[in-house]
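Enquirer: quick one, fold the following:
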Amino acid sequence: MLSELFTEIITWIVDIVGSLGYPGVFILMLLESSFVPFPSEVIMIPAGYLASKGEMNIFIVIFCGISGSLLGALVNYFLAIRLGRPFLLHYGKYVMFNEEGLRKMEDFFSRHGHISTFTGRLIPMVRQYISIPAGLARMNLPVFCFYTSLGAGIWVIILTLLGYFIGENETLIKDYLRDIIISLVIICSMLVTFYWLHHRRKNS
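Expert: Numbering: from 1, shown residues only. Predicted coordinates for the structure are as follows:
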């Protein structure tokens with residue numbers, strides 16, 4: 001039952017991406033990076049699959065995915081600056097965003113600093129909202145854009161290549177995606193540790 005539903009959802013997304021083309025990838029990734037709880041896996045993997053069939057250009061797909069992710073992150077960034085914490089908490093419940101989630105994001109950001117906007121983009125359930133504490137902290141905009149684009153770029157490329165090489169094999173996608181997420185979490189932890197040790201040594 002779940003397998004059939006997954007197949008239907010993927011087919012629907014493939015049809016949407018196929019009909020809307022590159023603007024569809026851009027808009028859907030923009031939504032995914034903002035307040036809309038929309039998994040990027042069901043956008044970039046089908047887009048990569050269409051690229052493997054010659055219906056889309058893989059480089060333009062990746063560019064649209066990264067650009068959409070950055071713009072969506074900027075939406076959250078400026079909303080946090082403009083509206084502030086109380087407004088976000090009051091209306092965030094309508095898009096599965098609550099005080100506990102914000103507190104975790106703020107703790108993550110305060111512990112890991114600016115690099116959290118990079119590492120956070122690679123962690124599911126964190127990547128959509130890491131821009132909010134960055135906005136509340138009024139993080140330097142060029143630095144925010146750089147780290148966000150870097151993290152989003154890695155994630156977009158991984159998903160697109162998964163779709164390009166194994167886009168028709170649901171089982172392989174699930175297995176590879178799980179292993180990739182675990183590997184990314186480990187790599188992120190190592191990067192954060194290195195970043196923290198570097199700054200601790202520099203400050204001392």
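Enquirer: residues near the residue nearest to Ile132 when sequence neighbours are not counted, how many?
Expert: In this structure, Ile132 finds its nearest non-sequential neighbour in Ala80, 4.7 Å apart by CB to CB, 6 or more residues apart in numbering. Heads up, the C-betas are built off the backbone N, CA and C, glycines and all. Ala80 has 23 neighbouring residues, counting by other CB atoms under 10 Å.
Enquirer: hmm, Ala80 is touching Leu136, no?
Expert: Yes. With contacts counted by CB atoms under 8 Å, Ala80 reaches Leu136, the gap being 4.8 Å.
Enquirer: dump the residue contacts of the residue nearest to Ser131 when sequence neighbours are not counted.
Expert: Excluding the flanking residues, the one nearest Ser131 by CB to CB, 6+ apart is Asn76, at 3.8 Å. Asn76 is in contact with 33-35, 128-129, 131-132, 135, counting by CB atoms under 8 Å, 6 or more residues apart in numbering.
Enquirer: gap between Ile43 and Asp179?
Expert: Note on Ile43: its distance to Asp179, by CB to CB, to the nearest Å, is 20 Å.
Enquirer: ditto for Ser131
Expert: 27 Å.
Enquirer: the two: which is more packed in?
Expert: Counting neighbours by other CB under 10 Å for Ser131 and for Asp179 shows that Ser131 has the greater number, 29 against 10.
Enquirer: residue contacts, that one?
Expert: 33, 73-77, 80, 117, 144, 148.
Enquirer: switch to 7 Å and redo it
Expert: Ser131 sits next to 73, 76-77, 148 when contact means CB atoms under 7 Å, 6 or more residues apart in numbering.
Enquirer: fine by me, thanks again.
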